[in-house]
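Engineer: Generate coordinates for the sequence data below:
(chains A and B)
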Protein chains: 2
Amino acid sequence: MQLMTARGNLFIVSAPSGAGKSSLISALLRDQPVDMQVSVSHTTRQPRPGEENGQHYHFVNQDEFKSLIADGAFFEWAEVFGNYYGTSRVTIEQTLAQGIDVFLDIDWQGAQQVKELMPESIGVFILPPSKTELERRLTGRGQDTAEVIAGRMAQAVSEMSHYNEYDFVIVNDDFDKALADLLAIIRSQRLTSASQIHTQNGMIKDLLAG
Amino acid sequence: MQLMTARGNLFIVSAPSGAGKSSLISALLRDQPVDMQVSVSHTTRQPRPGEENGQHYHFVNQDEFKSLIADGAFFEWAEVFGNYYGTSRVTIEQTLAQGIDVFLDIDWQGAQQVKELMPESIGVFILPPSKTELERRLTGRGQDTAEVIAGRMAQAVSEMSHYNEYDFVIVNDDFDKALADLLAIIRSQRLTSASQIHTQNGMIKDLLAG
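Structural biologist: Okay, here's the model as predicted:
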């Protein structure tokens, strides 16, 4: 494997529910690539059975969490039912510094915040292939009322209305094709001049010395 | 195949000689993909045996060429030993309008001109893997003098000094890897929001209608 001296890229991945975002991210990380990680949130809630610290969440106590807030460590944080949740900018920066690409699975509001704080982050929006298919996916197993389904649909439309705030848009019609699209975006972002100037720094200096 | 309503992308590909640019472009077009073409220049010189009109060059007479100049049809043109050569912006635009990606094989000076006239064009610079390997490739079959080789090397260094004016940089160490890099860049550029808004226009309108 090539020595990674380049900073990793931060990818913001958003989608309406039913677009297959989670499956795509899982497939991406299935073989545990050394140079890709999904961002792990901090929380003060108790671990559930099977949840591991550092993998599902960074589990911290309230004092630790509040101290992180005070340090400005979070991109964003929220209190939900008495528990705190946050996305640590510091943790992400440390991971990026190791040359690892980080995937941030957040909605359009979180995406706007992160993009403002880190303009070099790369936004990827996943769309379902059609309205009919989205309705089918959101209908689930036929156990929900028409109102519940209409509510999900409205929420999906609201999320999708922000698709053009992202750098890239993938239509998840054929899963393998969508995964290949995502991989192409990741690969190409390591090939930008800005990335290569770091990755290939020594070699380029040597070449230009003539 | 998916209906291509999107405009194709214009890729400017530059490299010092010895970087393997021509082999990469040939490999890219080997299977004659319907959605990729290398740009074909116009010239007033006579076709050589085996050269076909529209494939190797667009062969035109001097009156036709001068009329194209007058129409502002060219990105750039030059007279070399009494023959005219030019890159037709109009021809490229017509090809892009069909949803076909066009590859323009030009040096850094031509690249600057095209980028100025068409800022949405995408620059890709190919670098050799090391100075040693570049020297080996430029030495050729050992039939040239040290001066001739030094001249080639100086020219290569001069071309390479512009690598950071390009959007992407590919290091051609392993040929298959470099080709995969190029394909990833091409694929990802069809996935930008700007591209997808056109390609997926009808579908997106339908989705957002809720």
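Engineer: Please make it C-alpha for all contacts and neighbour counts, starting now.
Structural biologist: Will do.
Engineer: Next, the distance between the ends of stretch A:13-24.
Structural biologist: 10 Å (C-alpha to C-alpha, to the nearest Å).
Engineer: Buried residues, that stretch. List them.
Structural biologist: Of all the residues in stretch A:13-24, those buried under the rule 16 or more other C-alpha atoms under 10 Å in any protein chain shown are A:13, A:14, A:15, A:16, A:17, A:18, A:19, A:20, A:21, A:24.
Engineer: now stretch A:113-132
Structural biologist: Neighbour-count burial for stretch A:113-132 flags A:114-115, A:121-131 (criterion: 16+ other C-alpha under 10 Å).
Engineer: Helices - which of these land there?
Structural biologist: In helices, judged by DSSP state H, the following of the buried residues of stretch A:113-132 are found: A:114, A:115, A:131.
Engineer: ok, and of the buried residues of stretch A:113-132, which contact chain B?
Structural biologist: Residues of these in contact with chain B (C-alpha under 8 Å from any C-alpha of the partner chain): A:129, A:130, A:131.
Engineer: and those as CSV, adding pLDDT?
Structural biologist: Putting these into CSV (pLDDT from 0 to 100) gives the following:
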residue, pLDDT
A:129, 93
A:130, 92
A:131, 90
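Engineer: which one among those gets closest to chain B?
Structural biologist: Relative to chain B, the closest of these is residue A:131; by C-alpha to the nearest C-alpha it sits at 5.0 Å.
Engineer: confidence score at the residue nearest to that closest one when sequence neighbours are not counted?
Structural biologist: The shortest distance from residue A:131 to any non-neighbouring residue, by C-alpha to C-alpha, 6 or more residues apart in numbering or on different chains, is to residue B:207 (5.0 Å). Residue B:207 is assigned 92 on the pLDDT scale.
Engineer: Can you get me a residue count around residue B:207?
Structural biologist: 21 (other C-alpha atoms under 10 Å in any protein chain shown).
Engineer: List the contacts of it.
Structural biologist: By C-alpha atoms under 8 Å, 6 or more residues apart in numbering or on different chains, the residues touching residue B:207 are A:130, A:131, A:157.
Engineer: hmm, try it at 10 Å
Structural biologist: Each residue near residue B:207 by C-alpha atoms under 10 Å, 6 or more residues apart in numbering or on different chains is listed here: A:127-132, A:134, A:153, A:156-157, A:160-161, B:201.
Engineer: can you put those in CSV and add distance to residue A:145?
Structural biologist: Shown next, in CSV, are these (distance: C-alpha to C-alpha, whole Å):
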residue, distance to residue A:145
A:127, 24
A:128, 22
A:129, 24
A:130, 22
A:131, 19
A:132, 18
A:134, 16
A:153, 13
A:156, 17
A:157, 19
A:160, 23
A:161, 25
B:201, 31
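Engineer: in stretch A:72-79, what counts as buried?
Structural biologist: A:73, A:74, A:75, A:77.
Engineer: circling back: if we only consider the buried residues of stretch A:113-132, which is nearest to chain B?
Structural biologist: Among the buried residues of stretch A:113-132, and counting by C-alpha to the nearest C-alpha, the member closest to chain B is residue A:131, at 5.0 Å.
Engineer: if I look at residue A:68, how far off is chain B?
Structural biologist: From residue A:68 across to chain B, the span is 35 Å (C-alpha to the nearest C-alpha, to the nearest Å).
Engineer: so what's that residue closest to, chain neighbours aside?
Structural biologist: Counting by C-alpha to C-alpha, 6+ apart, residue A:68 lies nearest to residue A:74, which is 7.1 Å off, once chain neighbours are set aside.
Engineer: hang on, that neighbour packs against residue A:110?
Structural biologist: No. At 11.7 Å, residue A:74 and residue A:110 do not qualify as touching, with contact defined as C-alpha atoms under 10 Å.
Engineer: Number of residues surrounding the residue nearest to residue A:60 when sequence neighbours are not counted?
Structural biologist: Closest residue in space to residue A:60, ignoring its immediate chain neighbours: residue A:44 at 5.2 Å, by C-alpha to C-alpha, 6+ apart. By other C-alpha under 10 Å, the residues close to residue A:44 number 21.
Engineer: What are the phi and psi values at residue A:44?
Structural biologist: Per-residue torsions, residue A:44: phi -100, psi 0 (degrees, to the nearest 10).
Engineer: Pull the contacting residues for it.
Structural biologist: A:57-66, A:79, A:82-86.
Engineer: Regarding residue A:94, which helix or strand does it belong to?
Structural biologist: Assigned by DSSP states H and E, residue A:94 belongs to helix A:89-97.
Engineer: residues making contact with that helix?
Structural biologist: Looking at what lies outside helix A:89-97 - C-alpha under 10 Å, 6+ apart - the contacts are A:4-10, A:35-42, A:68, A:71-76, A:100-104, A:114, A:117-118.
Engineer: Quick one, which of the residues you listed are buried?
Structural biologist: A:5-10, A:35-42, A:68, A:73-75, A:100-104, A:114.
Engineer: Do a quick rundown of the strands in chain A.
Structural biologist: Ranges of strands within chain A are A:10-14, A:36-38, A:42-43, A:58-59, A:74-80, A:83-88, A:101-105, A:122-127, A:168-171, based on DSSP state E.
Engineer: Name the residues linked to the residue nearest the centre of chain A by a beta bridge.
Structural biologist: The centroid of chain A falls nearest to residue A:104 when counting by C-alpha atoms, centre = their mean (2.1 Å). Judged by DSSP bridges, the bridge partners of residue A:104 are residue A:12.
Engineer: what do you get for residue A:88?
Structural biologist: Here residue A:88, judged by DSSP bridges, has bridge partners residue A:74.
Engineer: Touching, it and residue A:57? I think so.
Structural biologist: No. Taking contacts as C-alpha under 10 Å, residue A:88 lies outside contact range of residue A:57: 11.1 Å.
Engineer: Could you tell me which residues touch both of these two?
Structural biologist: Residues touching both residue A:88 and residue A:57 by C-alpha under 10 Å, 6+ apart: A:39, A:40, A:41, A:42.
Engineer: among the residues you listed, which are within reach of chain B?
Structural biologist: Restricting those to those touching chain B (C-alpha under 10 Å from any C-alpha of the partner chain) yields no residues.
Engineer: Please convert those to TSV, extending it with pLDDT.
Structural biologist: Compiled in TSV, the shared contacts of residue A:88 and residue A:57 are given as follows (pLDDT from 0 to 100):
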residue	pLDDT
A:39	93
A:40	91
A:41	91
A:42	94
